[in-house]
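**Student:** fold the following for me, if possible:
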Amino acid sequence: MSCIEIINKVLNVIKRMSVSKFGASNKNQSSDNVDKKYVDQKFMTLSTNLALKVNKSGDTLTGDLYLSCENDDERSFGIKNITEGKSISYLLGDYAHQIRYNYGHPIKFAAIHGYKFTSSCGDVCKLGGSDSTNSHFYNDIIMNDKCISDLHNPKLPQDAATKHYVDARYVKNNVGYVPDLVSNINNKSGFKVSASHDPENVAYHVFNSWQTDEWVAGTKSNFWIQIQCPESIRIHKFALRGKSNNTDRINNWKFQASNDGINWNDLYHSHSEYINNTTSFFDVKNSNLYYYFRILVLEAENNMAGLNYWQLYTLDPIV
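**Tutor:** You can find the predicted model right below:
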């Protein structure tokens, strides 16, 4: 019911009261000290008050609106019974700045210049802006032992690092991993050396830096020498040196790795790259852990080919 309708109803009530209460319809006649002037004044006051009331079917406020709890413990302010297909919008000046709820969807906060959250201690954070959707936090974030997930790998010096990024970061160790060995097996360091052709069990000579003894395969092709490490390692390079006479060279060979000593992966394949009597270093692109490593010789110059030195260089994790 609109304000005009209310006023008209009140007017009709007053007219009836002026006849029944005052005893006559003569506008100049008074009764019980109530006259036309009194009634008109009351009517004007009532009309003015009604004009200031908010119409529950829709209206516009021109002043502030405050809700008082008075003696109540709780006041509720809002809209109930939102159903499918309906929405609620609380405008903050215009449609570009609003809080909106479409039934069945997340509540949407819209603001051209973003949102800033503050406390009595100062600014907490700012979400978005006119030229960016970035969030800015002005103090520490306490995660209460919760995870932050789905981060990208760091790009800038101050970016947070993911577990995967840290786990995949290694330092290239340029100190040889295998110590000087004195036997093929049962050595205190836990390494085991073997070869396809090693009747005198001297394959460990290639891992002994202070001896000049060599390992000779005694065949020209398809032979190997391998080492089993006490733990799985990642390597970034290896070193080889052939026999000292520089005439029994290896020219077609592979550097392989395995975790069971049966199935091997090629980490380096050399074609016509001779292993001579000088120490050569070979880089390996490897991110996997392996227990076994071997040199598989496909072809050598003659059946007296062999090795004088072999060493592995590890990728050490950042701790």
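
**Student:** C-alpha only now, for contacts and for neighbours.
**Tutor:** Will do.

**Student:** export stretch 88-104 to PDB, keeping only CA atoms.
**Tutor:** In PDB, the C-alpha atoms belonging to stretch 88-104 read as follows (Å, rounded to 0.1, in the frame of the first residue of the first chain):
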ATOM      1  CA  ILE A  88      20.500 -10.300  -4.800                       C
ATOM      2  CA  SER A  89      22.600  -7.200  -5.500                       C
ATOM      3  CA  TYR A  90      23.800  -4.700  -2.900                       C
ATOM      4  CA  LEU A  91      25.000  -1.700  -4.800                       C
ATOM      5  CA  LEU A  92      27.800   0.500  -3.500                       C
ATOM      6  CA  GLY A  93      27.300   3.600  -5.600                       C
ATOM      7  CA  ASP A  94      26.700   1.800  -9.000                       C
ATOM      8  CA  TYR A  95      26.700  -1.600 -10.600                       C
ATOM      9  CA  ALA A  96      30.500  -1.600 -11.000                       C
ATOM     10  CA  HIS A  97      30.800  -1.600  -7.200                       C
ATOM     11  CA  GLN A  98      28.500  -4.200  -5.600                       C
ATOM     12  CA  ILE A  99      28.100  -7.400  -3.600                       C
ATOM     13  CA  ARG A 100      26.100  -9.800  -5.600                       C
ATOM     14  CA  TYR A 101      24.700 -13.300  -5.100                       C
ATOM     15  CA  ASN A 102      23.200 -15.400  -7.900                       C
ATOM     16  CA  TYR A 103      21.500 -18.400  -6.500                       C
ATOM     17  CA  GLY A 104      23.700 -21.500  -6.600                       C
END
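
**Student:** quick check: mean pLDDT of that stretch?
**Tutor:** Per-residue confidence for stretch 88-104 averages out to 93 on the pLDDT scale.

**Student:** what sits up against it?
**Tutor:** Contacts of stretch 88-104 from elsewhere in the structure, counted by CA atoms under 8 Å, 6 or more residues apart in numbering, are 82, 83, 84, 85, 86, 87, 107, 108, 109, 110, 111, 112.

**Student:** quick one: which of these has the most company?
**Tutor:** Of all the contacts of stretch 88-104, the highest neighbour tally under other CA atoms under 10 Å goes to residue 111, namely 18 neighbours.

**Student:** show me the beta-bridge partners of the residue nearest to that one when sequence neighbours are not counted.
**Tutor:** For residue 111, ignoring the flanking residues on the chain, the nearest one in space by CA to CA, 6 or more residues apart in numbering is residue 97 at 4.6 Å. Listed beta-bridge partners, residue 97: residue 94 (assigned using DSSP bridges).

**Student:** any low-confidence regions in the stretch 201-319 of the chain?
**Tutor:** For the stretch 201-319 of the chain, the stretches with pLDDT under 70 are 211.

**Student:** if we use 80, what do you get?
**Tutor:** Low-confidence segments of the stretch 201-319 of the chain, defined by pLDDT under 80, are located at 209-212, 246-247, 271-272, 287, 319.

**Student:** where exactly do the strands run in the stretch 1-150 of the chain?
**Tutor:** With DSSP state E, counting those that start in this stretch as the definition, the stretch 1-150 of the chain shows strands at residue ranges 87-94, 97-102, 108-110, 115-119, 122-127, 135-137.

**Student:** let me have these in a markdown table, extended by distance to residue 164.
**Tutor:** Compiled in a markdown table, those are given as follows (distance: least, CA to CA, whole Å):
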| stretch | distance to residue 164 |
| --- | --- |
| strand 87-94 | 43 |
| strand 97-102 | 39 |
| strand 108-110 | 34 |
| strand 115-119 | 33 |
| strand 122-127 | 28 |
| strand 135-137 | 24 |
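
**Student:** before we move on, back to that, let me know how buried the residue nearest to residue 111 is, in neighbour terms.
**Tutor:** Here the count is done by other CA under 10 Å, and residue 97 has 16 residues near it.

**Student:** and residue 180, what does it touch?
**Tutor:** By CA under 8 Å, 6+ apart, the contact set of residue 180 is 207, 208, 209.

**Student:** between these, which is nearest residue 275?
**Tutor:** For the contacts of residue 180, the closest approach to residue 275 (CA to CA) belongs to residue 207, at 16.1 Å.

**Student:** in stretch 172-182, what counts as buried?
**Tutor:** When burial is assessed from 16 or more other CA atoms under 10 Å, stretch 172-182 yields the following buried residues: 173, 178, 180, 181.

**Student:** TSV for those residues, including secondary structure, distance to residue 77 and pLDDT?
**Tutor:** TSV is the format used below for the buried residues of stretch 172-182 (DSSP: H, G, I helix; E, B strand; the rest coil; distance: CA to CA, whole Å; pLDDT from 0 to 100):
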residue	secondary structure	distance to residue 77	pLDDT
173	coil	67	95
178	coil	76	96
180	coil	82	92
181	coil	83	93
